[in-house]
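Engineer: pasted the sequence and its predicted model underneath.
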Amino acid sequence: MSEGNQDSAEVEALIPSASEKASTKKRATAKAGKVVKKVRKVVRKKKASKESSTAKFIKYAALFLLVTQMVGLVLLMRYTRTHQAADQPLYLASTAVFVMEVMKFVICCIVIAYQTGGDLIGELQHHVLESPMEMLKLCVPSLLYTVQNNLLYLALTNLDASTYQVCYQLKILTTALFSAILLQRKFSTLKWISLVILTVGVAVVQISGSGDKHAKVVEGAHSHRFIGLVAVLCAACTSGFSGVYFEKILKGSTTTLWIRNVQMGLPSI
C-alpha cells in the first residue's frame, strides 16, 4: 500500500463515523437529562421542605391560639359571672351568646366577601335564600350550639374554672361515642381505654370536690355545684353530638366552611 493510501486510512480512522456521532450525542443527552432530573429533584425537595416548615408553623400557631382562646375564655367567663358589685344585676347569658354569634357572623361575612371579590350578597342569596333544605339541616347544630353556650355560662356561674375544665373534657368521650354511632368510625382498644380513664378522672374530681368543705362555700348566693355539674355534662353531650353532626354535613360538600358558619349562625341569631 502506498504512503498516500496509508495516510488516508489513518485520517479516516481518526474521524468518527455517523453512528459513533449519534451514540455520543445520545450519551450526552442522557447525561444532561439525568442532571436536569437531579436539579428538579433537589428543587422539589427544597420546596417541600419550605412548605412542610410553613405547615408546621401554622399548625403549632393554631394550636397555641386555640389553647390560649379556650383558657382565656373560661377564665374571663368565670370572672365576669362571679366578680361584680352586689347592687348590680348579673348580665344575661343569652345576651352574651347573642353578641358572640353576631360577631362570628360579621367576621364570616367579611371573609366571604374577600374570597368572592365582593359578591357577598350573591353568595348569601344562593346559599341561604335559595337553599332552604341546607338551612333546615343546619338548624339542628345551630340550636344545639346555642343551648350549649348558654349551658356553659350556667356551669361557670356555679363551678370553679378548674372543675369546669376537667368536666368539660368529657366532650372528648361524647364526640367519640357519636362518631362511632353516626359516622361508623372505628377506634382502637387503646383509645377506648384512654376515654374510660378520662371518665374515671372526671368522676374522681367530682367526688373529691364534693367532699371538700371549702368547695361547698362557693362565691355568691347563686352558686350551686350540682346545677353547674349538670349544666357542664349536658354541654359536653350537645358539643359531641353537634360537632359530629356538623362534620357529617361537611363531608362530601363543596360549600366552604365560612358559608356553613353563616348558614348555622343565622338560625342561632
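Structural biologist: Yes, it's here. Because the structure is a prediction, the values reported are computed rather than measured.
Engineer: I'd like to know which elements the helix or strand where Tyr153 lies is packed against.
Structural biologist: Element membership of Tyr153 [criterion: DSSP states H and E] is helix 132-158. Packed against helix 132-158 by the contact rule (3 or more C-beta pairs under 8 Å, 6 or more residues apart in numbering; DSSP states H and E) you find helix 18-82, helix 93-115, helix 161-168, helix 225-250, helix 257-268. Placement of C-beta: from N, CA and C, glycine included.
Engineer: how about a cut-off of 7 Å?
Structural biologist: Secondary-structure packing of helix 132-158 (3 or more C-beta pairs under 7 Å, 6 or more residues apart in numbering; DSSP states H and E): helix 18-82, helix 93-115, helix 225-250, helix 257-268.
Engineer: buried sites along stretch 79-86?
Structural biologist: 81-82 (16 or more other C-beta atoms under 10 Å).
Engineer: got it, and stretch 65-80?
Structural biologist: Buried residues in stretch 65-80 (16+ other C-beta under 10 Å): 74, 77-78.
Engineer: show me the contact partners of that stretch.
Structural biologist: The contact list for stretch 65-80 (C-beta atoms under 7 Å, 6 or more residues apart in numbering) reads 153, 156, 161, 164-165.
Engineer: neighbour-wise, give me the winner out of the residues you listed.
Structural biologist: Comparing the contacts of stretch 65-80 by number of neighbours (other C-beta atoms under 10 Å), Leu156 comes first, having 28 neighbours.
Engineer: quick one: contacts for that one?
Structural biologist: 74, 77-78, 81, 164.
Engineer: next: Phe178.
Structural biologist: 240-241, 244.
Engineer: for these, which ChimeraX command selects only the ones that are buried?
Structural biologist: ChimeraX command restricting the contacts of Phe178 to the buried ones, with burial defined by 16+ other C-beta under 10 Å:
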select :240,241,244
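Engineer: now the contacts of Phe178 in JSON lines, with pLDDT and distance to Arg185?
Structural biologist: Shown next, in JSON lines, are the contacts of Phe178 (pLDDT from 0 to 100; distance: C-beta to C-beta, whole Å):
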{"residue": "Gly240", "pLDDT": "90", "distance to Arg185": "13"}
{"residue": "Phe241", "pLDDT": "92", "distance to Arg185": "14"}
{"residue": "Val244", "pLDDT": "90", "distance to Arg185": "9"}
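Engineer: let's have the contacts of Phe178 in a markdown table, adding distance to Val202.
Structural biologist: Converted to a markdown table, the contacts of Phe178 look like this (distance: C-beta to C-beta, whole Å):
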| residue | distance to Val202 |
| --- | --- |
| Gly240 | 14 |
| Phe241 | 18 |
| Val244 | 20 |
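Engineer: circling back to that earlier point, which member of the contacts of Leu156 is positioned nearest Ser131?
Structural biologist: Met77 (33.9 Å; C-beta to C-beta).
Engineer: and that closest one, how close does it get to Lys104?
Structural biologist: Met77 sits 16 Å away from Lys104, going by C-beta to C-beta, to the nearest Å.
Engineer: sorry, back to before: save the buried residues of stretch 65-80 as a markdown table, and put in distance to Arg40 too.
Structural biologist: Formatted as a markdown table, the buried residues of stretch 65-80 follow (distance: C-beta to C-beta, whole Å):
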| residue | distance to Arg40 |
| --- | --- |
| Val74 | 51 |
| Met77 | 54 |
| Arg78 | 57 |
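Engineer: possible to save those residues as JSON lines with distance to Val232 and pLDDT?
Structural biologist: JSON lines is the format used below for the buried residues of stretch 65-80 (distance: C-beta to C-beta, whole Å; pLDDT from 0 to 100):
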{"residue": "Val74", "distance to Val232": "11", "pLDDT": "80"}
{"residue": "Met77", "distance to Val232": "12", "pLDDT": "83"}
{"residue": "Arg78", "distance to Val232": "12", "pLDDT": "82"}
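Engineer: ok, the residues you listed vs Ser52, which is closest?
Structural biologist: Val74 (33.2 Å).
Engineer: how about the closest residue in space to Tyr168 that isn't next to it in sequence, what does it touch?
Structural biologist: Of all residues not flanking Tyr168 in the chain, Val232 sits nearest, at 5.5 Å (C-beta to C-beta, 6 or more residues apart in numbering). For Val232, the contact set (C-beta under 7 Å, 6+ apart) comprises 155, 159, 164, 167-168.
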